[in-house]
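Asks: requesting a structural model of the entry that follows:
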Amino acid sequence: MKTALLAAAIVCLAACGNEAKTDTSSDASTPESSATATATGTATVAADGAPSVGSYRAVDQNGFVLIEELLEDGTYVFSDETGSTIEQGNWSQKSPSELCFLANSEGADEICYLEEISDDGIWLSTNSQTGETATIERLESQPTP
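Replies: Numbering: from 1, shown residues only. Take a look at the predicted model:
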């Protein structure tokens, strides 16, 4: 179950957070480079054309809902609908159509997702290893109190 949730979370996050770095150099593909690029003002762009940094709702093929937050420092947080944290780690945008995540857990492997907006306007994210898909929805920014 934990593996299924993790896979769903990653698929969803990848789908939601797919960004395109304006710096396409090879070292811009690492999570650390993502954080550096963002900190220095080089913003990444998600599949929908808006900045990658933000919150997303991802729904996998089984209906599992994951809330993803991509932070400016190159880190991410995956939560369930109740707000319980499922996973944390680093994200990087390898290209406009490839978003990758590396969990903070021991021995974790980087997982990348292929992102696209379908002809009918649906944002799809596909796990490049398993082929599992998720639909992504950008969440509106919530005002801070």
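Asks: which of the helices and strands in the chain ranks last by mean pLDDT?
Replies: Least confident helix or strand, the chain: strand 19-21 with a mean of 36, by mean pLDDT, DSSP states H and E.
Asks: and stretch 89-108, average pLDDT?
Replies: Per-residue pLDDT over stretch 89-108 has a mean of 91.
Asks: and if you look at stretch 117-125?
Replies: In the prediction, stretch 117-125 has an average pLDDT of 92.
Asks: pull the longest strand from the protein.
Replies: strand 85-95 (DSSP state E).
Asks: which helices and strands sit right next to the helix or strand that that one is followed by?
Replies: Next in sequence after strand 85-95, counting helices and strands by DSSP states H and E, comes strand 98-103. Contacts defined by 3 or more Cβ pairs under 8 Å, 6 or more residues apart in numbering; DSSP states H and E place strand 98-103 against helix 2-17, strand 85-95, strand 111-117. All C-beta spots, glycine's among them, are computed from the backbone N, C-alpha and C.
Asks: repeat that with 10 Å
Replies: Under the contact criterion of 3 or more Cβ pairs under 10 Å, 6 or more residues apart in numbering; DSSP states H and E, strand 98-103 touches helix 2-17, strand 19-21, helix 31-39, strand 65-70, strand 75-79, strand 85-95, strand 111-117.
Asks: what's the longest strand of the chain packed up against?
Replies: helix 2-17, strand 19-21, helix 31-39, strand 44-46, strand 65-70, strand 75-79, strand 98-103, strand 111-117.
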